[in-house]
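Engineer: Structure, please.
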Amino acid sequence: MKLPLKIFIINNMYLGMVRQWQELFHGKRYSAVDYHDNPDFALLAQAFGATGLRVEHPDDVEPALQKAKGITDGPVVIDFIVDEEENVFPMVPAGKGLGDVIRGLS
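Structural biologist: Got it, this is the predicted structure:
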């Protein structure tokens, strides 16, 4: 079946959230989070008959989204390459409640 799915990968070459926790709560003692040997997900998508796009620069985001929007006869995978140490906020630390949310580093 050729479903017109759009799949977005936010790719920092790490297990992103696990790396972030190890950075913020464990003194940057990284363990088992480096995924620099991952395949090229855009090429992998193409190997399975989907459209694969790779975005490495901010200026290429909008054109890739427009191209994906125009593809309606099958799935599209967009592999967005982001900075390795980019963090995701807000986040709730382990064992904490919503009142303890971290909104960012200051």
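
Engineer: What ranges does the protein have for its helices?
Structural biologist: Here the chain has its helices, by DSSP state H, at 16-25, 41-47, 61-70.

Engineer: Show me the contact partners of the first one.
Structural biologist: Judged by CB atoms under 8 Å, 6 or more residues apart in numbering, the contacts made with helix 16-25 from elsewhere in the structure are 10, 12, 28-33, 85-88, 91, 93-94, 102. (Each C-beta comes from the backbone N, C-alpha and C, glycine too.)

Engineer: Try it again at 10 Å.
Structural biologist: 10, 12-15, 28-35, 82, 84-89, 91, 93-94, 102, 105 (CB atoms under 10 Å, 6 or more residues apart in numbering).

Engineer: Could you list the buried residues of it?
Structural biologist: 16, 19-23 (16 or more other CB atoms under 10 Å).

Engineer: Check stretch 5-12 too.
Structural biologist: Those would be 9, 11-12, for stretch 5-12 by 16+ other CB under 10 Å.

Engineer: go on, stretch 97-106?
Structural biologist: So, applying 16+ other CB under 10 Å, stretch 97-106 has no buried residues.

Engineer: what is the mean pLDDT for that stretch?
Structural biologist: The average of the pLDDT scores along stretch 97-106 is 89.
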